[in-house]
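Asker: just coords:
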């Protein structure tokens, strides 16, 4: 028999420490989250730089139900109340959440601010609700507007090396034929190899240090490419 997990929706929470989710991610089978009003943990096991985070395990029925609640709260911009367990049962340095309750106070009611959305290149088509951007992997985490069943990731394309058909980083944008399936970004647009155009690379510029140097190899011309989610240009993250 499956035990029902109560999901509370209390107007009384308006007067408690209800908060809006500011971070939601999964590490292995553990959900790590925080809110804009999370009380710093007093658990002895909690690390100083992680006292405003809590965890939920996806290995239990209650944990999976709580994760679904968190995704709903993030998508619908509802506040949540968090009761802490005073232990670090899921991750050694982060306090575990004993109970999470959905409140009836929405972001518009409580603060007058707005959610953050991920939009396609046109700036109008909303992909989902922004959760996190990893500056190392360049991956955006978001909640899909249509599915709304969990977190999704979107890999952004960052091009550090740009290849040119002319000397001194002049001429047309080209792609070496040794990396024919590479999509690059230049001047705010995505480009892919046009394999009907055979040419050569004569120089290469670097966006890391703004350098330009000679570089000789055979190459293809380019044409506009399209990111499977964003379109012909990068997705944008902006306030709704």
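Answerer: That came through fine. Everything numeric in this text was worked out from a predicted model, so none of it was measured.

Asker: where does this structure dip in pLDDT?
Answerer: 1-17, 104-115, 135, 145-150, 240 (pLDDT under 70).

Asker: any idea which helix is longest in it?
Answerer: Secondary structure of the chain per DSSP state H: the longest helix is helix 61-76.

Asker: beyond that one, next helix or strand please.
Answerer: strand 78-84 (DSSP states H and E).

Asker: show me which residues of that following strand are buried.
Answerer: Residues 78, 79, 80, 81, 82, 84 are the ones in strand 78-84 that count as buried (16 or more other C-beta atoms under 10 Å). For glycine as for every other residue, the C-beta is placed from the backbone atoms N, C-alpha and C.

Asker: so what's the residue minimising distance to the centre of the chain up against?
Answerer: When C-alpha atoms, centre = their mean is applied to the chain, the residue found nearest the centroid is residue 141 (2.0 Å). Counting by C-beta atoms under 8 Å, 6 or more residues apart in numbering, residue 141 touches 24, 25, 131, 132, 133, 134, 151, 152, 153, 154.

Asker: what bridges to residue 193?
Answerer: Beta-bridge partners for residue 193, by DSSP bridges, are residue 222.

Asker: how far away is it from residue 156?
Answerer: Computed as C-beta to C-beta, to the nearest Å, the residue 193 to residue 156 distance reads 20 Å.

Asker: could you chop the chain up by domain?
Answerer: Following automatic domain parsing, the chain resolves into domains at 9-110, 116-156+233-239, 161-224.

Asker: most packed of the ones you listed?
Answerer: Comparing those by mean neighbour count (mean count of other C-beta atoms under 10 Å), domain 9-110 comes out on top with a mean of 17.

Asker: ok now that domain, how far from the chain's centre?
Answerer: Its chain's C-alpha centre and that of domain 9-110 lie 18 Å apart, by C-alpha atoms, centre = their mean, to the nearest Å.

Asker: what ranges do the helices span in the protein?
Answerer: Under DSSP H, the chain gives helices at 61-76, 107-110.

Asker: the first one packs against which elements?
Answerer: With contacts defined as 3 or more C-beta pairs under 8 Å, 6 or more residues apart in numbering; DSSP states H and E, the secondary structure elements packing on helix 61-76 are strand 21-27, strand 30-35, strand 54-57, strand 78-84, strand 97-106, strand 126-134, strand 139-144.

Asker: a markdown table for the helices of the chain, including distance to residue 46?
Answerer: Conversion of the helices of the chain to a markdown table gives the following (distance: least, C-beta to C-beta, whole Å):
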| stretch | distance to residue 46 |
| --- | --- |
| helix 61-76 | 19 |
| helix 107-110 | 27 |
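
Asker: and of those, who's closest to residue 93?
Answerer: When the helices of the chain are compared by C-beta to C-beta, helix 61-76 sits nearest residue 93, at 18.4 Å.

Asker: next, the contact list for residue 162, please.
Answerer: Here residue 162 is in contact with 169, 173, 184, 186, 204, 205, 206, 207 (C-beta under 8 Å, 6+ apart).
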